[in-house]
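[1] what follows is a predicted structure for the sequence shown.
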Amino acid sequence: MSDDMTVREPEPASTGFETGATQSEITGTGSALPPEELAKLTDDIVAALKSVYDPEIPCDIYELGLIYKVDIEDDRSIAIDMTLTAPGCPVAGEMPGWVQDAVSAVPGVGPVTVDMVFDPPWDPSRMSDEARVALDWY
């Protein structure tokens, strides 16, 4: 993901990561969950996010940079902030449900909430190198 995305310090009893965070940054954020369990949960959540595709763009929403934040609470509840490539996206009402369903299917997660945010607005600089190659935008 782009260099401007950093891991934020989580609220107490929460582990948060933003897209582009490395595994060591995620596991080092002070969660009460054992580091190995947090790492596995994080990998599984990212894999679930990568299974959701924007129907108009042949790339998953994680690599597109549409996932802004994921908070993993100590009770394993998950809070996700995401955006769309454009506020008028035809699947704006459906995509949060797709994300919620995908992450809810991850073994070991509790309730999942997905919030749609538009600040900061999405732009192509948020895409990973993988997405740029897939879309010939390099």
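    Nice, I can see it. Everything numeric in this text was worked out from a predicted model, so none of it was measured. Numbers count the residues shown, from 1 in each chain.
[2] give the next helix or strand downstream of the worst-scoring helix or strand of the chain on mean pLDDT.
    Least confident helix or strand, the chain: helix 23-27 with a mean of 34, by mean pLDDT, DSSP states H and E. Remark: after helix 23-27, the chain's next helix or strand is helix 35-49, criterion DSSP states H and E.
[3] can you name the next helix or strand after that next one?
    Downstream of helix 35-49 (by DSSP H and E), the next one is helix 61-64.
[4] downstream of that next one, the next helix or strand is which one?
    By DSSP H and E, the next helix or strand past helix 61-64 is strand 67-73.
[5] strand partners (parallel or antiparallel) of the next helix or strand after that following strand?
    For strand 67-73, the following helix or strand on the C-terminal side (DSSP H and E) is strand 78-82. Applying DSSP bridges to the sheet, strand 78-82 is found paired with strand 67-73 (antiparallel), strand 112-116 (parallel).
[6] for the next helix or strand after strand 78-82, buried residues please.
    Downstream of strand 78-82, the next assigned helix or strand under DSSP H and E is helix 95-104. Using 16 or more other CB atoms under 10 Å as the test for burial, helix 95-104 gives 95-96, 98-100, 102-103. Using the backbone N, CA and C atoms, a C-beta is placed for each residue, glycine as well.
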